[in-house]
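[1] I need the structure of the sequence given here:
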Amino acid sequence: LALIAVVTGVLLGTSGIVFDDVGDSLPSVVYGQRCEYDAKAFLKSVDGYEYCHVGADDWTSEMPVDVGDYLVRGFSTRLFGGKSYGPSRKFSITPKKIKVAINEDEIRYGVLPTVQVQLVDGDVIACTAFDFEDIVKETTTVFALQDAITIVDANGRDVTANYELETPTKTIKFLKRSVTITTADGEFVYDGTPHAKEEFTTDGLADGDRVVATFDKQTVVGSYQNKATFVVLNAEDRDVSGHYDITATFGSVEIVQRQVKLTVEDKTKFYDGTPLYNNIVIVADDTPLVAGHTLAVSEYTELTEVGTVDNELQFTVTDGEGNDLTANYSFDYGNPTLTVASRAVVVTSDGASKMYDATPLTCDVWSVSEGTLADGHSLNVEISGTQTNVGTSDNAFTVQVLDDAGIDVTSNYEFTKQYGTLEVTPRQVKIVT
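    Prediction:
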């Protein structure tokens, strides 16, 4: 009985001791695989396993999944309490080798390829950049950039380091990308220099690409399409225009006339038989001509006869080479007038007297007492005054002015007539009886 008691005590004392039948190290496992370790406990089952990094003492019951070197040990609860730990065995988790292959044979330019890869269940890959051998060519080779690859597990944790990546090269063809370019509208006042509205919008460019536009510029007044030629450059300033189908919508450019304010004074004179005109103009300081341009009056109004008319003018603008640029200007010179006033002349007829003799009394003597006729003009005076009987009357007359061509221009004169007096006095008769 004593022996039985001793044996029983020994057995009870060793119950729960953990042991195994493996060497110091376990076989390595690849990321995504479980570490298979089977420890045993004397007279009972192992309660569980604990793990830690090699060289650390951070034991935990959570099995490691990331690449690294680890220790594992089994543990069991002893009959009288307390834990019994088995020997620590080393094992390693090595990276999972994968090929990150390009899926497509053709891609739309500016769209990233997609990749296919064999990952651990629940892991997801994202690749944000690729290396194209020659981005300009229609057909080129491409592979995924390893630095641009991220792999996360189902919990969003980055597990990229648990993979050994291989990124094979693949030949692909670019399909053209459609882009619409719309140029802006613009209006410019003529200033002798070329203009374009160098603004535009785009719709459909690939990320990182930009458009360089060369605009057709217009100088003279008119309506034009705001045309341009376009080149598409990528972020490295390489010409990738060949990858685009460009649809251009051109706005409009208006070059409008340059408004010039002019001062033209009214002009007045008395009729002299010669034309009155005024072709002297002054350009306002705040609306100058384009530098190097010259303004001339090409047509102007003339007024010879008495009256008032609008002084209508036409202008010509030329540059230093004599080119006619008038159509690029508009002129505001108000409403100047020309006025020719009547020429004042005073004509006086002489008077006469006599004693009644039963014959008409007339006097053909006259003179211009004030004023003068215009050069080359002649005055005809027709005296109609007559007095026969005793009494007085005006020595009346009419006037007519002819120019050197014999044309009647009397209406351009304002005549004041001063009539002399014709007087017939009674005749003295002596009666003898």
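[2] make it CA atoms for all contacts and neighbour counts henceforth
    OK.
[3] residue contacts, the nearest residue to Ser349 once chain neighbours are set aside?
    Take Ser349 and drop its neighbours on the chain: the residue closest to it by CA to CA, 6 or more residues apart in numbering is Trp366, 4.0 Å away. Going by CA atoms under 8 Å, 6 or more residues apart in numbering, Trp366 touches Val347, Thr348, Ser349, Asp350, Val381.
[4] What separation is there between the third one and Gly16?
    So that's Ser349. According to CA to CA, to the nearest Å, Ser349 and Gly16 sit 168 Å apart.
[5] And the two? Which one has more around it.
    Gly16 (28 against 23; other CA atoms under 10 Å).
[6] And the pLDDT at the more buried one?
    With respect to pLDDT, Gly16 has a value of 70.
[7] Surely it touches Ala41?
    Yes - in this structure Gly16 lies within contact range of Ala41 using CA atoms under 8 Å: 5.1 Å.
[8] Can you check which residues contact both of those two?
    Common neighbours of Gly16 and Ala41 (CA under 8 Å, 6+ apart) are Ser76.
[9] and Ala327, helix, strand or coil?
    Assigned state for Ala327: helix (three-state reduction, DSSP: H, G, I helix; E, B strand; the rest coil).
[10] Assess the claim that it and Val221 are in contact.
    Yes - the criterion here is CA under 8 Å, and Ala327 meets it with Val221 at 7.3 Å.
[11] The two: which is more packed in?
    Between Ala327 and Val221, counted using other CA under 10 Å, the more crowded position is Val221 (20 against 14).
[12] and Ser84, what helix or strand is that in?
    Assigned by DSSP states H and E, Ser84 falls within strand 83-85.
[13] Grab the longest strand from the chain for me.
    strand 68-77 (DSSP state E).
[14] Give me the distance from that one to the chain's centre.
    Relative to the chain's own centre, strand 68-77 is displaced by 72 Å; criterion: CA atoms, centre = their mean, to the nearest Å.
[15] oh, and call the first residue 452 from now on, that's how I've got it
    Sure thing, new numbering starts at 452, so read that last one as strand 519-528.
[16] Now that strand: buried residues?
    The neighbour-count check on strand 519-528 (16 or more other CA atoms under 10 Å) flags Asp520, Tyr521, Leu522, Val523, Arg524, Gly525, Phe526, Ser527, Thr528 as buried.
[17] Could you do stretch 787-798 as well?
    Pro787, Thr788, Leu789, Thr790, Val791, Ala792, Ser793, Arg794, Ala795, Val796, Val798.
[18] likewise stretch 533-543?
    Across stretch 533-543, burial judged by 16+ other CA under 10 Å covers Ser535, Tyr536, Gly537, Pro538, Ser539, Arg540, Lys541, Phe542, Ser543.
[19] Looking at those residues, which is nearest Ala664?
    Nearest to Ala664 among the buried residues of stretch 533-543, counting by CA to CA, is Ser543 at 60.0 Å.
[20] Return the residues in contact with that closest one.
    Applying CA under 8 Å, 6+ apart to Ser543 gives the contacts Leu477, Pro478, Ser479, Val480, Val518, Gly519, Asp520, Tyr521.
[21] Leu824: which of those is nearest?
    Val518 (125.7 Å).
[22] List the contacts of the closest one.
    Val518 makes contacts with Tyr482, Ser543, Ile544, Thr545, Pro546, Ala612, Asn613, as judged by CA under 8 Å, 6+ apart.
[23] Swap in 7 Å and give it another go.
    By CA atoms under 7 Å, 6 or more residues apart in numbering, the contact list for Val518 reads Tyr482, Ile544, Thr545, Pro546, Asn613.
[24] just Pro726 next, same as before
    Glu753, Leu754, Thr755.
[25] Lys624 now?
    Contacts of Lys624 (CA under 7 Å, 6+ apart): Asp556, Glu557, Ile558, Glu589, Thr590, Thr591.
[26] just to revisit the earlier point, in CSV, list the contacts of Val518 along with pLDDT.
    As requested, the contacts of Val518 are exported to CSV (pLDDT from 0 to 100):
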residue, pLDDT
Tyr482, 97
Ile544, 97
Thr545, 97
Pro546, 98
Asn613, 98
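[27] Now the spatially most central residue of the chain: closest residue in space, sequence neighbours ignored.
    Note on the chain: the residue nearest the mean C-alpha position is Glu650, at 3.4 Å, using CA atoms, centre = their mean. In this structure, Glu650 finds its nearest non-sequential neighbour in Ala635, 5.5 Å apart by CA to CA, 6+ apart.
[28] Surely the one you found is in contact with Lys648?
    Yes - assessed by CA atoms under 7 Å, Ala635 is found in contact with Lys648 at 6.2 Å.
[29] In terms of distance to Thr745, which of the contacts of Val518 ranks first?
    Asn613 (82.5 Å).
[30] shaky segments in this structure?
    By pLDDT under 70, the low-scoring segments of the chain are 452-466, 530-532.
[31] cutoff 80 now
    The chain contains residues with pLDDT under 80 at 452-467, 494, 529-533, 884.
[32] the helices in it, which residues?
    Assigned by DSSP state H, the chain shows helices spanning 453-465.
[33] For Thr719, see how far away Val566 is.
    94 Å.
[34] List the beta-bridge partners for Glu501.
    Beta-bridge pairing for Glu501 (DSSP bridges): Arg524.
[35] is it true that it touches Ser512?
    Yes - counting by CA under 7 Å, Glu501 touches Ser512, with 4.4 Å between them.
[36] more neighbours, the two?
    Comparing Glu501 with Ser512 by other CA under 10 Å, the one with more neighbours is Glu501, at 18 against 13.
[37] In contact with that one, which residues are there?
    Counting by CA under 7 Å, 6+ apart, Glu501 has contacts Trp510, Thr511, Ser512, Val523, Arg524, Gly525.
[38] so can I have JSON lines of the residues you listed showing distance to Asp574?
    JSON lines is the format used below for the contacts of Glu501 (distance: CA to CA, whole Å):
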{"residue": "Trp510", "distance to Asp574": "26"}
{"residue": "Thr511", "distance to Asp574": "24"}
{"residue": "Ser512", "distance to Asp574": "23"}
{"residue": "Val523", "distance to Asp574": "25"}
{"residue": "Arg524", "distance to Asp574": "28"}
{"residue": "Gly525", "distance to Asp574": "30"}
